[in-house]
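Asker: Give me a 3D structure for the following:
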Amino acid sequence: MSQEPWSDKEEFALATRSPSGGWRYGPKDRVVLGGKGLAVGIAVAHLTFCVLVSIQAPEWWIIFFIYSLLPAWAVGAAVGSLLGLALRRIRSQWVHVAAFFSIGLLMCAPFGGLSATGPLLLSLSIALAAGVGRLAVWKLVRINPSPT
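Answerer: Predicted structure coming up:
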């Protein structure tokens, strides 16, 4: 039997959070775009797209906003999460912004012909909105401080 006096301070003390200093992603992952960053990026990209398209016809801005709401969030979530997953190993965030712009342009180039304002205007506005959306979450990404 122990001769130390019994103390219930440790047993009934307030629980303290253990520091979560560990990197919970893969060891080679450099930049991780989380759910909050993805949502903010899609919201900024959607608003940027609406502003860019509304420059041509300002009276139709609410129609552009409503009709592009579901496609922007559905396609933005799918493509943004997959592209963010593919770019995890690249540390330079400028490469991420350029990739979001390039993939947005390549994906939307075939649909640019559907636009009445010109074949490239719709594609460029979507690509620019995707790039601005990724640029907006620059500070919201998680960066691995010591890649192994």
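
Asker: which parts of the lengthiest helix in the chain are buried?
Answerer: Scanning the chain for the longest helix, with DSSP state H as the assignment, gives helix 35-54. Burial within helix 35-54, assessed by neighbour count using 16 or more other CB atoms under 10 Å, is assigned to 37-50, 52-54. For the C-beta atoms, the positions are set from N, CA and C on the backbone; glycine is no exception.

Asker: where do the helices sit along this protein?
Answerer: In the chain, helices defined by DSSP H lie at 9-12, 35-54, 61-67, 69-86, 93-108, 119-136, listed in chain order.

Asker: Any idea which of these gets closest to Pro145?
Answerer: Taking CB to CB as the criterion, helix 93-108 is the member of the helices of the chain that comes nearest to Pro145, at 14.8 Å.

Asker: what's the neighbour count on Gln93?
Answerer: The criterion is other CB atoms under 10 Å. On that basis, Gln93 has 19 neighbouring residues.

Asker: Can you give the distance of the longest helix of the chain from its chain's centre?
Answerer: Using CA atoms, centre = their mean, to the nearest Å, we find the averaged C-alpha position of helix 35-54 to lie 10 Å away from the chain's own average C-alpha position.

Asker: And the contacts of that helix?
Answerer: Counting contacts by CB atoms under 8 Å, 6 or more residues apart in numbering, the residues outside helix 35-54 that touch it are 33, 60-61, 64-65, 68-69, 72-73, 76-77, 80-81, 84, 122, 125-126, 128-130, 132-134, 136-137, 140-141.

Asker: again, but for stretch 127-135
Answerer: Contacts made with stretch 127-135 from outside it, assessed by CB under 8 Å, 6+ apart, are listed as 41-46, 48-49, 52, 76, 80, 96-98, 100-105, 108.
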